[in-house]
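Peer 1: Structure for the following, please:
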Amino acid sequence: RKQREREEEGRRVADFKRETDAARKAQEAKERWERDELQREKERVRKEREEERRRKQELKERLEWDRKERLGEQQRAGTYVGDVVSVRRVADAAERPSVKKKAGADECHLQLRLPDGRKLQKQFKAGDRITDVYDHLQTVAPELIPFHVMTTFPKRTYEGADANVTLRDAGL
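Peer 2: Residues are numbered from 1 along each chain as shown. Presented below is the predicted three-dimensional model:
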């Protein structure tokens, strides 16, 4: 009878080991599948990002090519006027409502906004001509040549004979 109980106990232990081994293997398989699934998802996201970067780069190249093509067409047609440099008057303390303006002030503070986004501030004499602004810009940013000077409001472009007017006469 003890022999039979031992054999029965041995079978139960063996069954328990088989069940725990099967459960452990199933758990390991599940964890392996989850790791693989996570790796596949990471790879899919990486490929999507790479594809998006590639599309953006192609778009940038296409836009740059189109810009150069338009520029070439304008230059061939003789309609290219160059980059725009925006000019606006910079208010100083003498122009604020709470302070009276000095009579006969001979200064003109200009803010020059370049096409690349840079902003330059420069003080000119009111008697200086817009051609002096052109000369200053040619020394500060020679890479912009050719360009033209334009006010923001009222919108007006100064080039050719218009550029010989003084800053005072131009209302700047």
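Peer 1: helix or strand right after the helix or strand encompassing His109?
Peer 2: His109 belongs to strand 107-113 when elements are defined using DSSP states H and E. Using DSSP H and E, the helix or strand that follows strand 107-113 in sequence is strand 119-125.
Peer 1: Okay, buried residues for that following strand please.
Peer 2: Lys122, Phe124 (16 or more other C-beta atoms under 10 Å). From N, CA and C alone the C-beta is placed, and that goes for glycine too.
Peer 1: and it, what does it pack onto?
Peer 2: When contacts are defined as 3 or more C-beta pairs under 8 Å, 6 or more residues apart in numbering; DSSP states H and E, strand 119-125 packs onto strand 107-113, helix 130-140.
Peer 1: Using CSV, lay out these together with mean neighbour count, mean pLDDT and distance to Lys30.
Peer 2: Below are the helices and strands packed on strand 119-125 laid out as CSV (neighbours: other C-beta atoms under 10 Å; pLDDT from 0 to 100; distance: least, C-beta to C-beta, whole Å):
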stretch, mean neighbour count, mean pLDDT, distance to Lys30
strand 107-113, 17, 79, 62
helix 130-140, 16, 80, 67
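Peer 1: Alright, calling it a day.
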